[in-house]
Each structure stands twice: as structure tokens, then as C-alpha cells.
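> model this:
(chains A, B and C)
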Amino acid sequence: MTWYVSRRFLQLIPVFLGATLLVYFLVFSLPGDATAAICGERGCTPAVVTALREQYNLDEPFWIQYLLYLKGVLTFDLGTNFSGRPIAVIIAEVFPTTAKLAVMALIFEAIFGIVFGLIAGLRKGKLFDSTVLVLSLVVIAVPIFVLGFLMQFLIGVKLGWTNPTVSGDATVSELILPAVVLGLVSFAYVLRLTRTSILENVKADYVRTATAKGLSRKRVVVVHILRNSMIPVVTFLGADLGTLMGGAIVTEGIFNVNGVGLTLYRAVLNGDGPTVVSIVTFLILIFCLANLLVDLLYAWLDPRIRYA
Amino acid sequence: MPELDNNLKTAGRVKTSAYPIEHFVADIDETPVRATDSATAEGAPSSLWREAWRSLRRQPLFLISAVLILAILVVALFPGLFTNEPPNSNCLLANSDGGPAPGHPLGFTQQGCDILSRVVHGTQSSLTVGLFATLGVLVIGGLIGALAGFFGGWVDAILARVGDIFFALPLILGAIVVVQLPFFQQNRNVWTLVVILVSFGWPQIARITRAAVIEVRNADFVMAARSLGVSPMSALIKHVIPNALAPVIVIATISLGTFIVAESTLSFLGIGLPPDVMSWGNDIFSAKSSLRSNPSAIFWPGLALSLTVLSFIMLGDALRDALDPKARKR
Amino acid sequence: MRFTRNSRILSVAAVAVFALSACGGGGGSTDEAATGGNTDAVIVVDGSEPQNPLIPTSTNEVGGGAVLDLIFAGLVSYDADGKVQNEVAESIETEDAQNYTITLKEGMTFTNGDPVTASSFVDAWNYGAAAKNAQLSSYFFESIEGYAEASAEGSTVTEMSGLKVVDDKTFTVALSQPESDWPQRLGYSAFYPLPADALKDPKAFGENPVGNGPYKFAAEGAWKHNEQIELVPNEDYEGPQEPKNGGITFKIYQNDTTAYQDLISDNLDVLKTIPTSDIKNFKNDLGERSIESPYAGNQTIAVPYYLKNWDGEAGKLRRQALSMAINRDEITEVIFNGGREPAKEFTAPVLPGFEEDLPGSENLEYNPEKAKELWAEAEKLEPYDASEPLTIGYNADKGDHKTWVEALVNSVKNTLGIEITGKPYATFKEARTEATEQTLTGAIRSGWQADYPSLYNFLGPIYATGAGSNDSVYTNEEFDKALKEGLAAESVEEGNKAMNEAQETLLEDLPAIPLWYQVAQGGWSNNVDNVEFGWNGVPLYHAITGK
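Numbers count the residues shown, from 1 in each chain, chains lettered A, B, ... in the order given. Okay, the predicted model is just below:
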């Protein structure tokens, strides 16, 4: 087990190298000249363009740019973005907020998705099952930029239960609405996954055995059915953490959250390589750790699974 | 709750009371002994898929979804049957945000286009994006996930880590880059979109498949097959994958919907379908700018999208039921 | 920081409900009688994140520009109508429109106590122009003698020969050619003065700038990136923009739609741009608290001459046909709900010298019959190469252009029956790069917003041969000559006459097709009063009061 975990940690090194290389390459291949973004609608004089290109190593070939970046990372210097701000400071600014938002969204989708999915699975074909099916259809079919806007308008503006936007402090109560919006689509996934898994397991032999043993209904459902149904759900949730953290562009935009998604989006639009790579690398590390945790959970959820 | 209990009890009782040994010995009165014998002797062994098909055909859920999907396909292939308006034309600002009028039962968009015509003509590209992106991630993600989960060890390490890298990559970054590759720049159409969605969507299916395969590979029946000398590959294909399909189907059917919606989000970012391609995603995005003044412009494409997703979810459910031997025993 | 914000909210609430004076924020007393509002209230307005350190010469976008305009005061400033008024300058004198003598007012200081002297301007301008400093707005100094040497690639020259300090309060400027509208430009942010400290460490200065304007940073670190920028009145400021409130806080938004939700729930006091999605609702939502006020900006589509179908005599006819196929009245009415003015020429109506019916302006009127005729005529000269259908490029990352581009495309399609589509670019820089490198494959939308109130600002930088923003790659000797004459004219009025003559050439050639003039559509909350918009579409922040 210790061996397995340390091996997984060792794997982070090639993942880090591969990811930074790939991302840097993608940013490098982005169309358009990065200085065009800096210069804006009016453009700059050629002399200014030359100076800017020099300042951000834009004239160097891809490999040199990448190695310069790697060198910076190894000496704990992530460099500055195109506005001249240290990237490390930017990351320290936006990551806590987004982490809070993503975890809240994850909790929301996990609790509601699993509970609703469990009930729907146990009452297959009944009214509750059909109702949540329609609910998840709405969530899937209406894009988040519409759904988020509607919820903001109804709950934030019309009902006034909360501020329509999130302040710089990004308190937990302010983040509830954005977290729900962010978690909605995944909620549909968790719900359907749980429901299906429950259906798979409801008729399993061990459930029959447990019932025959005279275990209470509650215990059979929670300990036997639910626990054994959790593997796909936990897998999904683990992988979703990364998506929620990096992919909250639309939600963060709607609620004006100063977070990772928007920062990343702006950096991509500006062709700001070092910023994009630094943030994505952070995301990949989080992602790998979440996945490791999930893999370890498998063994706990299903004792038949062993890691050597 | 009592209802639930009943269900379970009935399910249990079937096996214990009336026909205690129905699965082992055929009823002599109903089945001639010879027929039973000959079936095992010469006919091909009844495969899981054939069994599934047999049970599928009898499911009302399947029939409904099949009819719906067929209908959607007809709309996609022959849009001219459902609207008189030719695609992409007759948009007059004079009709902007107009309500239903004779010949235009669903009203008009902000640009003054007939909503019915747009929804009908949009079916083809939206369905193509949804269907083929789903198929693509199913094939690539499913294959990689199954191999990673079944073989474990270094195969898993490499495949799963590559998946991690791709999964954490921001879709927009990849999409903006891919769209600009010279080949795609010249051929910007639904297939470009499919490629983008597949290249960044497969790791999700891969992880789910991997998890399901890990769960199944230790099951008794796989052990049994392996000890009977079945090769690892054929054990994977014949025994593991069919039993690991349920969560994969769920993810795939939902993804079908999210892919169609993703097309809308990509249009929002300027990297979706070109504006002259009619699609539900383009329509939903356009309707956003008149959300409060003309909600019907978003309602109809949204409804079409919901119906499509619904029919595929139902199909998925039916398929899952059919593939599950435990569910079939009833 | 949290305390400051909370006390603001408290104070605004308290004032609004109980008409008490504020408990936090800046000093001063409630002066209801004089202004009809509470002058202590801190006003929260929408802003966007400045893209560069807040140094006047390195700021080239509206987010940073709005902040700079409040914390700095230039030689001149513009009043609500765009009229030039002296600010720091006592006088700006010239006899030949080429050599200027500038005298400063006595007793002006920066907020760190330094006096504002002639070298505050000269050093700042030299810094801005010198190539080695790579300042984004360096081209604003191009008229000054010696600019070419200082700004040349790799140049080590740090001073422009045309700038001379005479004494503490006087300096002279020599231009390389006579330009009568030059003093009008001096209110633009690139021409602001800098305290001596600024140039020692520009980057640090840009985080916590020190200026001489009506406002100043509330404290070190008042710029919380991507969150807000807090400004308080500068008590030492004397001039036409005296603050009537207790401070301005720019709350940074990623998009207008979000800001609008905050506005209608009174979390934001002033919003300067109503999002396209709410153009139909805002008058309903806000009632009296909304405004529509034309400003010096326009929207055009540039059609490059290097496109096959759009060059030569046939190209000229096609341009006219295209222009006449666009139903500007209907699009501005339906898509913008009347929030744009159909264009009659190439500048903007609020500018001095604007004329509505120049000869040739009928080319900008919707005329489907004439459009078809012209198109047919062009076909006879040279058949249209349909393998290169016209596209209208726009960037999808900023501003909502898709809606109007689609409407425009439909209008042309319905009139001329040609194949034409919108072409979204994912990023602004991508579109700009293609425009600069002259590799566009179609027309491209281009908007212009005035830097300073002058007709020339809308013509020279865009249509002069070889100009920086000449996306169409237009070149016409007649036009260039008229432009030069206008610049050299003895008075601004005479200059404008020549500019309008130059425009007649443009209206005939149509290097770009003017669409409409911008109208600022804005709104304010229940907490504030006295909101007015200036000539450039920016609210007059200093005049806003609490309720």
C-alpha cells in the first residue's frame, strides 16, 4: 500500500513534465501575436512591439521558451503575467476562492445527487423517479449560462435572498448560489450514476443474503446497497473536482467570482503562456491527487480490490 | 417506504417459494426433454447480446425511445418535410421577437427568423455533434479505460496519467488551438467540433470505465473464466466489459446532451459552429441576448434538446436493464 | 479592507434611509442645499481591471483610463460637452500652430506634496516616447519634434528635442509640422504629468500611483486586483472637476450582464454600459434612473482593398452597394432599441465641427433599389468571384457583436441576395494580428472611440496612408492632402472645414462602411443622484452625489 502510494507520487513527475510541455505547446501555437492583445485596438509602434517581444521572450523558439519557464519553476519563480504581476501572487489570490467554490459545489452535487439517486433507484418507475428524470433533463438541456443567469435573476435580484454577485471576500454564504449553479450538471451525472448503480445492486445476491439474515431495511440499503454502488460515483466525483476548479469560467463570469477559471480564460485569450501553464499545472496536480484518493477509496468500498 | 419493502420481498420470494429450482431443471410438461438437450448440444450458445436483444424488444421503455429517436432522425435527415422555410433565409428584422403567426406556429427569434424552421433545420448538426462525439468518447475512452482497469500496473499508470493530463487541460485552450490548425480552419464544420469534444472528453469515460472494470475484474465469474483457460483479452471482452457497461451507458447518454450544449458554449466563445450553420446550440446562444423579452426563442430549441436527451437516456436505461442478467431473471 | 467596505455600505444605507451623515469614509460635511445630494457618499461604479500598471503612457484601455482620468489632471480637460478647458495650464500659446509655449498655474501639487512643474510634464512625455521604455501609448507624442529619434527601434535617445523647460512653470513644445488641433489632445491621459518618484520605479508607481487629479488612492494597495479600486477625494485639488461625493470605488466586473444584476438590486451605484441582453428591459427596470446620451464613438466595418472583389472601380461600386444594403435605421431600432444613431459620416455628432449632411452621405442611407443597381453595374465591369464570399469578422471575447453582425448580414443578404456570413474570431488579438499583417480574408468590424474631441482623431489614425489603424489599407492622395491642410489650418474651425472636405472623399470611396454612432446607455441605483455622462460616454464621476 505504501509502495503503491509512493509510486503514484513518483508518477507526478512525468505528468508534470508532460502536462507543462503539452500546455506550453498549445499556448505557443495559439493564433495571433501576443503583443496584439497587449497593444489593444489602437496598436503599438513597431519599436514598442519589439521591446515587448523581448521582455516576454516571445521571439525565442518554442524549446527555449519552455526551458526558460521550467528553469523558473525549479527556482520557485513562476515569472510575471503580461500585466507585469507575479504569477505566484495571482495564483495565491484566486486559488482559495475557487477551491472553496469547487468543494462547495462538490458537496452539493454529492449529497443531493446520491440521495436523489438512491431514492430514484429504489423507487424505479415511480413518480419520484420520473420527477428527478425531468429535473435532470432540464439541467442537462439548458446551458449553464442561461440557467445560472436565471437563478441569479430570480434568487439574487427578484427575491433578494442573496447578493447577485460575489464580493472580494467570497464568503461561504455568498458562494452558495454559485456553487449550486456550478454543481448542477454534475448533479445530474451523480444522480443518474447512483440510480443505475443502485439498480445493479438491489438484486445482487449479497443483498438478498443480507435481507434474509434479517438485517434492518435501513442497514441493507445504506451499508450494503449504497456502499457497493459508490465506486462509479466516487470516480466521477474525484474526476469532477478538477473540472469544477478549472472549468468554472461561465459560472465565475455570471457571479463575478475572481477565480481560477476566469483568470485562466483571460490568460488564454491574451496568449499569456506562463500564466496558463502555471495554473493548468496546479490543476493537474490537484487532479492527480484527487484521483489517487479515489483509487484508494475503491479498496475501502470494495474489499475485493487490492493494491500491491 | 412500505412500497419499497414490498418490492424487495416479492423479488426475494420469487426465488424461494413457488418455483424453488426453476433455473436448474426445465418443466417437463412445458418443454420436451429432447428440445432442451438439442439446444445445448448443437445450437450456438446463447450470447449475452442476443439475450439482451430478446429482452430489449419486449420493453416498453425501449419501444418508446426507439420511436422517438427514429422520429428525431427523420427530422434530421429530411427537414424539408416539417417546414416550408428554406434554411438560413427569410430572417426579417420586422418580425423580430414576434409571436406565433400564420405559417409560423412558434413565432420568431430576435433576428426575425422563423423558430420552427430553425429548430427543424438545426436538428441535423446538433444530433451529429451529440451522437458522434458520444460514440467517439465511448470508443476511445472506453477502450483506454478498460485496458487500464483490467491490466493495472504500468499499463494503468501510463494510460491513466495521460488521461489526467488531458482531463485537466482547459477545453477552451485546446479548442481554440485545434480550431486554428490549418486543416480545421478550412473545414470548420460539425466534424471539427466532434474532434474537439472527443479529444478533451474521452478521459471522463475512461475513468468511469476503468473504475467499473476494476470492480468487475475481481468478480467470481471472471476468476472462473480465467481458471477455465480463457485468455485475458477474451475474458475482458466477453465477461468484464459487458458487466461493466452500466455506469458507462449512463455517462454516455448524459454526455450526449452535454455535448450538444457544449456546442452552444463554444459558439459563445467564438469557436463553435460557424454562424451560418443552423444548430440548437447556436440558437440557444443567440436567444440568450433576448432571454427576458422573448423566452420562446430559447424554449423551443431547449425543448428539442431535452427530448433528444430524454430519448437517449431512456434507451440507455432500457439497454442497461436488458444487459443485467439479474434484472432479467424476473 | 473589509471594515472599509462595510462602513461604506453602512454609511450609504444610513444616509439613504435616515438622512444621517456618514460614519465612515472621508471628511467633509453634508451639503444638501448646494448640490441637491449627499456629498459624503462613496459611489460604487463599474470598472474593468486595468491591463497594465497605472502609468499614463502605458495605459491604452478603458479600465485603466477611467481610473487615471480621476487621479490625474492634465494641462487641459474636457467638460461634459467635450469643450476644452484649462486645467493645470494657465495658458497654451502659439502663433504658427507649430511652436507652443505652455505656462502652468501656481501652487499645484501632487498628492505626495511635490509641486507640479514644467519638468513633471516634460519628463513624463519623454519617458512615454522613448523606445527603451516600451510605452504602449508612445505614438501620441509623434507630432513632437525629435519623436522619430527617440522612438526608433533600439534607440537610446531619451529626450525629444522639441521639448524645452524654460522655468519651473513654463515649457515650450516644437512640433515637426503645424497642427492646429494639437492643444485639444492634451487632455488625453498620455499627456498627464508624473511626479519625479514615478520614473525611478515605474512598476511600483503603477501599483500605487500618485497624481494631481480630483481623486487619489484611498491607501497603499487600494487597487485590489480584479476586485476593486478605491479612490477618495483629493482635498488639495482645485479645478473644474471638484468631487461632489466622498469617493469613487471602481468595482471590477467581468461582464456587463453581471454588473447589471448588481445595479438593479442596488449593489452597484452607476453602470456605464447596459448589456445588449437588457437593452429592451433597462428603461422598464430603472425608469427615471436610466440615461441615453450620445458620445464620441462609432462602429464601422473595414473592407480591405487587398480583397479580390473589393478593389478598383467595381470594388468601389460594390462598397456603395453594400453600404446601401444595410438598413441602419431598422437595426439600430430593433437590435439596440434605439440606442445607436445611424451614421451619416465617419466621425461622431458630439464633436465640434460635425456636419450631418456632407455631400455623399446618401451613400450611407438604406436604398435597396440603388444597391441592386450598383451591384449589377459592378458585375458588368468585373464579375463577382463567389469563391470568396464576404465575411464580417468580429471578436467574440469582448463586447457583444454577434447580434448586430447577424442582423447586418441578414439585411445585406435579403437586399443583394449575395452570400455573406459573420466570422467570429475567438480572441481579439487574433483578429488584430490578421488586420496588422494584412491577411484578413474578409471585412472586419472596427469601432473607434475618441481619445480627444476632434474630427481628426477619427480620420487621421484610421484612413491616412500608412496610418496605424488603417485596416482597409486605404490610400488616397486627395484625402491625405485635405487632411494635412486641415491640420495646418490656422484655427480649429478652419481645420474642421478641411476635415469635412476630406470626408467627402471617404464617403465616395468607402474604405470602411460607417454603421452608427455610439450612444451611452447607462443607469444608476436608488442611492445616488446627479448622474450625467460626458462627451466620451464616461459618467462625470466627480459630479455624482449620494441621495
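> And the pLDDT at B:Ser234?
You'll see B:Ser234 listed with a pLDDT of 86.
> For it, give me phi and psi.
Phi and psi for B:Ser234, reported as degrees, to the nearest 10, are phi -80, psi -30.
> Share the number of residues neighbouring it, please.
11 (other CB atoms under 10 Å in any protein chain shown). C-beta: built from backbone N, CA, C; applies to glycine.
> which parts of the stretch 1-150 of chain C sit against chain A?
The interface of the stretch 1-150 of chain C toward chain A, taken as CB under 8 Å from any CB of the partner chain, is made up of C:1-2, C:5, C:50-53, C:60-61, C:131-132, C:134-136, C:138-139.
> Kindly recompute the last result at 10 Å.
Within the stretch 1-150 of chain C, the positions lying close to chain A (CB under 10 Å from any CB of the partner chain) are C:1-2, C:5, C:49-53, C:58-62, C:64, C:129-140, C:142, C:147, C:150.
> If you go by neighbour count, which of those residues are buried?
For the residues of the stretch 1-150 of chain C next to chain A, a burial check counting by 16 or more other CB atoms under 10 Å in any protein chain shown picks out C:5, C:49-53, C:58-62, C:64, C:129-131, C:133-140, C:147, C:150.
> Give me the subset of those residues lying in helices.
C:5, C:62, C:64, C:129, C:147, C:150 (DSSP state H).
> From those residues, pick the one nearest chain B.
Chain B lies nearest to C:Val62 out of those, by CB to the nearest CB, at 21.1 Å.
> what's the closest non-adjacent residue to that closest one?
The shortest distance from C:Val62 to any non-neighbouring residue, by CB to CB, 6 or more residues apart in numbering or on different chains, is to C:Ser48 (6.8 Å).
> for A:Phe187, same thing?
Leaving out its chain neighbours, the residue that sits closest to A:Phe187 by CB to CB, 6+ apart is A:Glu109, at 4.2 Å.
> hang on, isn't the one you found packed against A:Ser136?
No: applying CB atoms under 10 Å, one finds A:Glu109 not in contact with A:Ser136, separated by 11.5 Å.
> who touches both of these two?
A:184-185, A:187-191 (CB atoms under 10 Å, 6 or more residues apart in numbering or on different chains).
> State the distance from the residue in chain C positioned nearest to chain B to B:Asn189.
Closest approach between chain C and chain B, counting by CB to the nearest CB: C:Ala396, at 2.5 Å. Distance of C:Ala396 to B:Asn189, given as CB to CB, to the nearest Å: 18 Å.
> quick one, what contacts residue 160?
Here I'm looking at chain A. So A:Gly160 contacts C:265-266 (CB under 10 Å, 6+ apart).
> if you could check chain B rather than the one you did, that'd help
A:8, A:11, A:15, A:288, A:291, A:295, B:144-145, B:148-149, B:152, B:203, B:206-207, B:210.
> Give me the below-cutoff pLDDT ranges for the stretch 1-150 of chain B.
Filtered on pLDDT under 70, the stretch 1-150 of chain B yields the residue ranges B:1-47.
> circling back: return a PyMOL selection command for the buried portion of the shared contacts of A:Glu109 and A:Ser136.
A single PyMOL command selects the buried members of these (16+ other CB under 10 Å):
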select buried, chain A and resi 184+185+187+188+189+190+191
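> quick one: which of the shared contacts of A:Glu109 and A:Ser136 is nearest chain C?
Closest approach between these and chain C, by CB to the nearest CB: A:Leu184, at 18.1 Å.
> so which strand or helix has that closest one?
helix A:172-202 (DSSP states H and E).
> just checking, next helix/strand downstream of that helix?
Counting by DSSP H and E, what follows helix A:172-202 is helix A:205-212.
> Perfect, I'm done here.
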